[in-house]
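Participant: Just the structure for this:
(chains A and B)
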Protein chains: 2
Amino acid sequence: MIPTKEEILETHERIKPFIHNTPIMKSSFINSYLGCEILFKCENFQKVGAFKFRGASNTVLSLTKEELKNGVATHSSGNHAAAISLAAKMMNSKAYIVMPHTAPVIKRKAVEGYGAEIIFSEPTLEDREKHLNHVVERTNAVFVHPFNNYKVIAGQATCAKEIFDEYSDLDFILTPVGGGGLLSGTSLSAKYFSPGTKVIGCEPAGADDAFRSIRDNKIYPSVNPKTIADGLLTSLGEKTFAIIKENVSRIFIVQEESIISAMRLIWERMKIIVEPSAAVPLAVIIENKDFFANKKIAIILSGGNVDVENLPF
Amino acid sequence: MIPTKEEILETHERIKPFIHNTPIMKSSFINSYLGCEILFKCENFQKVGAFKFRGASNTVLSLTKEELKNGVATHSSGNHAAAISLAAKMMNSKAYIVMPHTAPVIKRKAVEGYGAEIIFSEPTLEDREKHLNHVVERTNAVFVHPFNNYKVIAGQATCAKEIFDEYSDLDFILTPVGGGGLLSGTSLSAKYFSPGTKVIGCEPAGADDAFRSIRDNKIYPSVNPKTIADGLLTSLGEKTFAIIKENVSRIFIVQEESIISAMRLIWERMKIIVEPSAAVPLAVIIENKDFFANKKIAIILSGGNVDVENLPF
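Facilitator: Numbering: from 1, shown residues only, chains lettered A, B, ... in the order given. Alright, predicted model coming up:
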């Protein structure tokens, strides 16, 4: 069932002792440059460097003792893998991560650092799922989907809730959209805690499956996405799709150059490190200045995990 | 006269409405990696991206109306130039910045962005001073030295004061040392507000003039310094030297590799952008783990102005 207001409140109480209530930052330069007022919610400072720890910790904390004994499993090479690994470690449980053998060493090391067991697959959906099924069969671990899971969605919803706890007068809240876990959770929190705030999904034009899916009212798979925003390559799930369709005001798509400009603006003016996916909402404002003129806007900076040896500038 | 306790308190009241009381951040990873407890005071988030705005704003705010009419002048291509330019703009005064014509375009643009007038010189001390004297003669602007000035030192002292306002039990406070404005101000604040805290200066081995000056009790000029820490190339002034000699416990020097490792650790684990000079104190802890084991330590992250197109990793 779609998380209710009470469930999101309970979720926040459940995970509060384990997550950071991340700071909200502002930049007077960016505000005057873009002609609006932007609040940046810094999930790049969240544990494991991304909002994903909210959903992962909520899921793991909700498991029974019996379930925890067998551990949790997922397929991901990104922030969800690190988040599940740390959440499992925190509960003295075990994490099994299916990861393509092509994943960057830095991501593998992050997961290993949290004590997870890595199972390597070919970089295809088919082989990944085969290995995941196999590990679940072998271990009885609980599979935690990166986004198409109500516990995960309720966890991601707590980020926007923290913003609304501090600000009651926002015109817009913007998040990136990949699988839709953050966007769907944010839209539920807006509905429950700040109904006057419009929710906007932000997507690279080179991976515009969510934009097309909402437009045409059917889930398109993400085929050969081409974008620097490596956290936004997946397509929506049926759970996130249904919530987004109902509660999100609009999805904007943006060009790669705008994503890089936005990322650089955040690095140079705010002195914080965000990954390309996190810069997509600011890119939307850069490309649509008139639409957002004089508005009060929250942006969720979704994560800060980048390879500093391989930057786009 | 050396700033008294009362003067530092007055200075803080004077500049408070214009500066950021910057956040203090921690990293559980870095603490467990180095076996001590470190508080990072984030002056990379200060206006103009560096602590220098404290001293500059104190100096400019202390000028008479008559003096403000003629403006302020300095020679610098770095953070002090930007700080003086913004402070002058803030008071509707005028800034004249003597800068070598070899200075990076990015630094020139920062100063121009604050409306300062740039006077280009050859990149020699002699030509720089000639141009400075010339502009002061022409305009009657007040010359504000980057560090050998008690108003500047009192301004820089407010940074450590903000730390001691929050923490009363620090074993050490570490700052980088170039001309010694930040280190001398910090040592005065420690003496007045936290006498149990030892003050340590941190210097690249490739620019170790402060280390040798304190050891031999005479100011050595900084001759051909070779370090990535481009904010620490200058030698001490007689005012900063006298205060440091009296109040600083020790100066440590560190290797370039340690500075780069420390910088990368801060970027990757804390997700914030610091310039190489700001990473020098953490490099000192990396090279001297045993000395700092189990201690509670504040580090002033002095600034965050780096060219993201030209990084050492």
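Participant: could I have the helix or strand harbouring residue A:163 exported to PDB, CA atoms only?
Facilitator: Taking DSSP states H and E as the definition, one finds residue A:163 inside helix A:150-166. In PDB, the C-alpha atoms belonging to helix A:150-166 read as follows (Å, rounded to 0.1, in the frame of the first residue of the first chain):
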ATOM      1  CA  TYR A 150       7.100   1.100  -0.300                       C
ATOM      2  CA  LYS A 151       9.500   0.900   2.600                       C
ATOM      3  CA  VAL A 152      12.200   2.500   0.400                       C
ATOM      4  CA  ILE A 153       9.800   5.100  -0.900                       C
ATOM      5  CA  ALA A 154       8.700   6.000   2.700                       C
ATOM      6  CA  GLY A 155      12.300   6.400   3.700                       C
ATOM      7  CA  GLN A 156      13.100   8.700   0.800                       C
ATOM      8  CA  ALA A 157      10.000  10.700   1.700                       C
ATOM      9  CA  THR A 158      11.600  11.800   5.000                       C
ATOM     10  CA  CYS A 159      14.000  14.100   3.200                       C
ATOM     11  CA  ALA A 160      11.300  16.400   1.900                       C
ATOM     12  CA  LYS A 161       9.500  16.100   5.300                       C
ATOM     13  CA  GLU A 162      12.600  17.600   7.000                       C
ATOM     14  CA  ILE A 163      12.500  20.500   4.500                       C
ATOM     15  CA  PHE A 164       8.800  21.100   5.200                       C
ATOM     16  CA  ASP A 165       9.500  20.900   9.000                       C
ATOM     17  CA  GLU A 166      11.600  24.100   8.500                       C
END
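Participant: That helix: which residues count as buried?
Facilitator: When burial is assessed from 16 or more other Cβ atoms under 10 Å in any protein chain shown, helix A:150-166 yields the following buried residues: A:150-164. C-betas here are computed from N, CA, C, even on glycine.
Participant: same deal with stretch A:50-68?
Facilitator: Under 16+ other Cβ under 10 Å, the buried positions of stretch A:50-68 are A:50-61, A:63, A:68.
Participant: For residue A:92, give me its contacts.
Facilitator: For residue A:92, the set of contacting residues under the criterion of Cβ atoms under 8 Å, 6 or more residues apart in numbering or on different chains consists of residue A:68.
Participant: quick one: it is in a helix?
Facilitator: No. Read with DSSP: H, G, I helix; E, B strand; the rest coil, residue A:92 is coil and lies in no helix.
Participant: for the record, mean pLDDT for the helix holding residue A:163?
Facilitator: Regarding helix A:150-166, the rounded mean pLDDT is 98.
Participant: Now do whatever helix or strand comes next after it: which elements does it pack against?
Facilitator: In the C-terminal direction, the helix or strand that comes right after helix A:150-166 (DSSP H and E) is strand A:172-176. Taking 3 or more Cβ pairs under 8 Å, 6 or more residues apart in numbering or on different chains; DSSP states H and E as contact, the helices and strands that strand A:172-176 lies on are helix A:150-166, helix A:181-193, strand A:198-204, helix A:276-287, strand A:296-301.
Participant: so who does residue A:229 touch?
Facilitator: Contacts here follow Cβ under 8 Å, 6+ apart; on that basis residue A:229 touches A:176, A:204, A:207, A:259, A:275-277, A:279-280.
Participant: looking at the residues you listed, which has the most residues close by?
Facilitator: Top of those by neighbour number is residue A:280, holding 33 neighbours under the definition other Cβ atoms under 10 Å in any protein chain shown.
Participant: now the strands for the stretch 1-150 of chain A?
Facilitator: Per DSSP state E, counting those that start in this stretch, the stretch 1-150 of chain A has strands spanning A:24-25, A:37-42, A:72-75, A:95-100, A:117-121, A:142-143. These are given in chain order.
Participant: Which stretch among the ones you listed is buried most, on average?
Facilitator: Using mean count of other Cβ atoms under 10 Å in any protein chain shown, the stretch among these with the greatest mean number of neighbours is strand A:72-75 (a mean of 26).
Participant: That one pairs with which strands, and in what direction?
Facilitator: Sheet pairing of strand A:72-75 (DSSP bridges) gives strand A:95-100 (parallel), strand A:142-143 (parallel).
Participant: Let's see the first one as PDB, backbone CA atoms only.
Facilitator: Only the C-alpha atoms of strand A:95-100 are listed here, as PDB (Å, rounded to 0.1, in the frame of the first residue of the first chain):
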ATOM      1  CA  ALA A  95      24.400  -7.700   2.700                       C
ATOM      2  CA  TYR A  96      24.800  -9.500  -0.600                       C
ATOM      3  CA  ILE A  97      25.400  -7.100  -3.500                       C
ATOM      4  CA  VAL A  98      25.100  -8.200  -7.200                       C
ATOM      5  CA  MET A  99      27.300  -5.900  -9.200                       C
ATOM      6  CA  PRO A 100      28.400  -6.000 -12.800                       C
END
